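Undergrad: Have a look at this fold, sequence not included:
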């Protein structure tokens with residue numbers, strides 16, 4: 001995986017929600033940098049640059065090289081551990097980075113991308129993508145950006161599991177191997193019911209028939225008289 005470069009600045013006022021809100025209004029996102037046997041540090045990153053990062057390769061688990069011009073001591077490789085979004089608007093409210101070492105194995109999540117068109121879908125089935133990321137362990141620079149899984153040969157009633165994922169020898173998948181990644185479900189068959197109007201009409205016809213016969217008998221007796 002490519003090591004992204006991300007510029008950070010020291011956050012002057014890191015106390016209170018008001019300060020964080022004001023920071024976001026100015027186009028910056030509050031960030032906490034921790035780990036590496038060092039004290040947590042409050043920093044900030046430009047919102048546009050951060051959005052570009054999480055919408056690109058690595059997503060919200062991106063591995064970056066943090067660079068701070070005002071304090072070179074904060075320069076460090078780091079992994080994005082958490083992104084907090086506004087519950088309604090979806091805006092980024094806060095982020096956490098953890099310092100890492102490039103010569104030590106780490107654990108992180110990697111997205112699964114399904115490729116191809118399943119034959120079961122062509123036959124009318126429905127694709128159910130059940131697991132969208134797996135946990136892996138490897139060196140930071142060996143973290144795959146995504147794991148692709150071909151689904152072309154999967155038919156209706158069949159599926160693929162974590163054990164079917166292919167990764168390089170220097171990457172270990174930690175997620176349980178028997179977990180289902182995707183399946184092709186049979187299409188739902190909906191029984192057609194008679195239109196409501198027809199049912200009512202049938203009942204009416206059945207109820208009116210005896211009355212009609214009775215009426216005919218009454219008319220016949222009157223004619224006889």
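TA: Ah, there it is. Keep in mind the model is a prediction, meaning the values are calculated, not measured.
Undergrad: which residues does residue 123 contact?
TA: If a contact means CB atoms under 8 Å, 6 or more residues apart in numbering, then residue 123 has 155, 156 as its contacts. Every C-beta, even on glycine, is put in place using the N, C-alpha and C of the backbone.
Undergrad: separation between it and residue 153?
TA: In this view, residue 123 and residue 153 are 12 Å apart by CB to CB, to the nearest Å.
Undergrad: ok, now residue 174?
TA: Distance from residue 174 to residue 153, by CB to CB: 27 Å.
Undergrad: where does the protein have low pLDDT?
TA: Flagging of the chain using pLDDT under 70 yields the residue ranges 1-2, 13-17, 189-225.
Undergrad: how is it carved up into domains?
TA: The record's domain parsing of the chain by automatic domain parsing lists 4-100, 107-185.
Undergrad: Need the distance between the two termini of the first one.
TA: Counting by CA to CA, to the nearest Å, you get 14 Å between the two ends of domain 4-100.
Undergrad: Would you point out which residue is most central in this structure?
TA: residue 132 (6.4 Å; CA atoms, centre = their mean).
Undergrad: so it touches residue 110, yeah?
TA: No. Checked against CB atoms under 8 Å, the pair residue 132 and residue 110 is beyond contact range at 10.2 Å.
Undergrad: and stretch 52-64, how far from the chain's centre?
TA: 15 Å (CA atoms, centre = their mean, to the nearest Å).
Undergrad: Identify the residues contacting stretch 142-153?
TA: For stretch 142-153, contacts defined as CB under 8 Å, 6+ apart pick out 1, 57-58, 63, 106, 108, 110-119, 127, 134, 136, 160, 164-168, 170-171, 181-182.
Undergrad: Good, wrapping up.
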